[in-house]
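# Generate a structure from the sequence data that follows.
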Amino acid sequence: MLGIFLICILNLPGEWLKFHHDLRNTGFQPELKGCLTSDSVRIKWQTPDSGFAKFAIVDINNDSIPEIIAGNYWDCKIYNFKGKSGSILWSYTTGGSVVTSPAIADLNNDTVLDVVVGSYDHKIYALNGNTGTLLWSYITGAAVRSSPVIADLDNDTKLEIVVGSYDSKLYALNGEDGSLLWSRTTGGPVHSSPALADLNNDTTLEIIVGICNSYLCVINGIDGDILWSYATGNIVSSSPAVEDLDGDGKPEIIFGSGDSKLYVLNGDDRSLLWSYTTGGSIYSSPAIADLNNDTIFEVVFGSSDYNLYTLNGETGALLWSHTAGEFVHSSPAIGDLDGDGNLEIVFTANDGMSYGLNDDGTLLWKFDNLYSTEDSDPSIGDIDGDNELEAVIGGTGYLKVLDGGCPAAVQEKARSQETPSLYVQISNRKLLLRYSITKKSDVCLKIYNTSGELVKTLLNTNKVPGEYMVKWVPTGFSSGVYLVRLTACGKNCTSKILIVK
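Sure, this is the predicted structure:
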């Protein structure tokens, strides 16, 4: 059977399946660009009340304009905000603080997206995304601070939910009705949000999660058995990212620990690829991206030593660090903030500031939130339907949407530097290669092996501006890593895929 491990965004349009959106923890929509430049950042809208830390950006009611789904620490509610204006579409009251990131998918196959969150009242809630009405709830033995993840664990075409609790258990629930599939005692509270990936090439998903007893655990998604664990020197509340960092065709696990180290483990045998020691505990969840377009992934994360770090993903070597005014517990979001064709980084620190950094670590902008952003994990998306990225910032203060509104000179610079976008999905064992161009151009879509040899030309034609999709079934290809390269408008855009048999 042909299997595909996709080293890019796994969510289908309209879904937000886990903490910070995807396996790389990027927290953004890759096909869009923004206008958040140094002279243009402003508040588009903010909530009248404070206490919003984590959120999801999804067009939940299918009106072509995204909403922001967010839980509140103070009033114990889950809110659905209209992205364009911040008006409340619905809210639901739980019995405790809500600090988890919502996971969003169609749980019961009724074509309506549903919302899953955890609460300090020990419960996991599933809500109808259109109305906010309760579908079901499941009670654990303690507060739920771990953000849920949604996937088909047992290959039955139905969705399951995996989430941890402070009762020292990990739970797998039936997405349709919330019934328990299995639970696993972990030996310590679960604050970390799980990641799911096929680490050992057996066509089933493994669950990767940090435990507050200093271990990272890998758990069988079918029955909850612990496959292996890795001991660090302190609690692991960082949510792991998964990516093939060294180009060997096998995914690595990237996570931080309270022992001040960032770890990268080989996913198939738990061996240490490399680690990096900072000057403080790491509660930040790492984000993975090719910031400088050199086909090598970078790892971006914060530390309690006041720094945001960017490391070479292959070697763990420090590329740069940026010093904030306080602890950096925030998990960074990555996207093209200013429309220049390069990726930038958004993060917050406990000094109440939001930071936008260029791909080399230099400051793009800094914004004073006036209130603490201690627990905020910013996200980036098109909030108002204008096809440009905005940044969403929260914390113990107000939830804010930061917009750009680029000056004409900045818009012209962005247009002159525009890069074609490439977005890859999996659907029924096919790759769906979606791309967009902004001007008439010759377009080439080619597949290369890791030696740089051309192995397949999918497209070689001339296209007018617009969005397009190419379907490809990679039959006849041996297992391994391949590069999908789009060439248009005189520029290249590349994504990696891994084919396994």
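# where along the stretch 201-350 of the chain do the strands fall?
Secondary structure of the stretch 201-350 of the chain (DSSP state E, counting those that start in this stretch): strands located at 206-210, 215-220, 226-231, 241-243, 252-256, 261-266, 272-277, 287-289, 298-302, 307-312, 318-323, 333-335, 344-348.
# So, low pLDDT: which residues of the stretch 301-450 of the chain?
Residue ranges of the stretch 301-450 of the chain with pLDDT under 70: 370-375, 396-397, 405-430, 432, 434, 436, 438.
# Around Thr94, how many other residues sit close by?
23 (other C-beta atoms under 10 Å). Glycine gets a C-beta too; all of them are placed from N, C-alpha and C.
# Roughly how far does the closest residue to it other than its chain neighbours sit from Asp75?
For Thr94, ignoring the flanking residues on the chain, the nearest one in space by C-beta to C-beta, 6 or more residues apart in numbering is Ser119 at 4.1 Å. Applying C-beta to C-beta, to the nearest Å, the value for Ser119 to Asp75 is 12 Å.
# With neighbour numbers in mind, choose between these two.
Legend: neighbour count by other C-beta under 10 Å for Ser119 and Asp75, higher for Ser119 (25 against 15).
# measure the more buried one to Gly316 for me?
From Ser119 to Gly316 the distance is 37 Å (C-beta to C-beta).
# how about the strands of the stretch 201-350 of the chain, which one is nearest Gly356?
strand 344-348 (5.6 Å; C-beta to C-beta).
# Show me what the closest one is packed up against.
strand 307-312, strand 333-335, strand 353-357, strand 388-393 (3 or more C-beta pairs under 8 Å, 6 or more residues apart in numbering; DSSP states H and E).
# how far off strand 298-302 does the first one point, in degrees?
It stands for strand 307-312. With axes from the mean of the first three to the mean of the last three C-alpha atoms, to 10 degrees applied, the angle from strand 307-312 to strand 298-302 works out at 160 degrees.
# centre of the chain versus strand 307-312, how much separation?
The gap between where strand 307-312 is centred and where its chain is centred comes out at 18 Å by C-alpha atoms, centre = their mean, to the nearest Å.
# Name the surrounding residues that touch that strand.
Strand 307-312 has contacts (C-beta atoms under 8 Å, 6 or more residues apart in numbering) with 262, 276, 278-279, 291, 296, 298-303, 317-324, 328, 332, 345, 347, 355, 357, 361.
# how about the helices in this structure?
All helices of the chain, identified by DSSP state H, fall at 408-416.
# lowest confidence element among the helices and strands of it?
Every helix and strand of the chain was ranked by mean pLDDT, DSSP states H and E. The lowest is strand 3-7, at a mean of 41.
# Ser376 is in contact with Val346, correct?
No. When contacts are counted by C-beta atoms under 8 Å, Val346 is not listed as touching Ser376 (10.3 Å).
# Residues that sit against both of the two, list them.
By C-beta under 8 Å, 6+ apart, the residues touching both Val346 and Ser376 are Ile393.
# Can you tell me which of the contacts of strand 307-312 are buried?
Buried by 16 or more other C-beta atoms under 10 Å: 262, 276, 278, 291, 298-303, 319-322, 324, 328, 332, 345, 347, 355, 357, 361, out of the contacts of strand 307-312.
# With respect to Gly34, which of the strands of the stretch 201-350 of the chain lies nearest?
Set against Gly34 and scored by C-beta to C-beta, those come closest in strand 333-335, at 6.7 Å.
# Which neighbours in the sheet does that closest one have, and how are they oriented?
Sheet pairing of strand 333-335 (DSSP bridges) gives strand 344-348 (antiparallel).
# To Ser478, which of the helices and strands packed on strand 344-348 lies closest?
In terms of C-beta to C-beta, the element of the helices and strands packed on strand 344-348 nearest to Ser478 is strand 307-312, at 28.2 Å.
# what residues are up against Phe297?
So Phe297 contacts Glu243, Leu245, Ile288, Ala289, Asp290, Gly313, Glu314 (C-beta under 8 Å, 6+ apart).
# Thr461 and Lys440 touch, don't they?
No. Look at Thr461 against Lys440 with C-beta under 8 Å: they stay out of range, at 11.5 Å.
# Give me the more crowded residue out of the two.
The neighbour count for Thr461 versus Lys440, taken as other C-beta under 10 Å, is higher for Lys440 (13 against 9).
# I'd like the distance between the more buried one and Ile254.
40 Å.
# With Ile65 instead?
Taking C-beta to C-beta, one finds Ile65 at 34 Å from Ile254.
# Just give the number of residues close to Glu344.
Neighbour number of Glu344 under other C-beta under 10 Å is 22.
# wait, what's in contact with the closest residue to it other than its chain neighbours?
What sits nearest to Glu344 in space, not counting adjacent residues and going by C-beta to C-beta, 6+ apart, is Leu337, at 4.1 Å. Taking C-beta under 8 Å, 6+ apart, we find Leu337 in contact with Gly34, Leu36, Thr37, Glu344, Val346, Gly356, Leu364, Ile380, Leu389, Ala391.
# Would you check which pair of those residues lies furthest apart?
Thr37 and Ile380 (14.4 Å).
# between these two, which one's more packed in?
Ile380 (28 against 22).
# I'd like to know the beta-bridge partner residues of that one.
Counting by DSSP bridges, Ile380 is bridged to Ala391.
# isn't it right up against Gly335?
Yes. Between Ile380 and Gly335 there is a contact under C-beta under 8 Å: 4.3 Å.
# all strands in the stretch 401-501 of the chain, in order from the N-terminus.
In the stretch 401-501 of the chain, the strands defined using DSSP E, counting those that start in this stretch lie at 421-427, 430-437, 441-449, 454-463, 466-472, 480-488, 491-500.
# still on that earlier bit, most neighbours among the contacts of Leu337, which one?
Val346 (31 neighbours).
# Enumerate every residue touching that one.
By C-beta under 8 Å, 6+ apart, the neighbours of Val346 are 332-335, 337, 354-357, 378, 380, 391, 393.
# now, which of those residues sits nearest Leu445?
Closest to Leu445 out of the contacts of Val346 is Gly335 (22.8 Å), distances taken as C-beta to C-beta.
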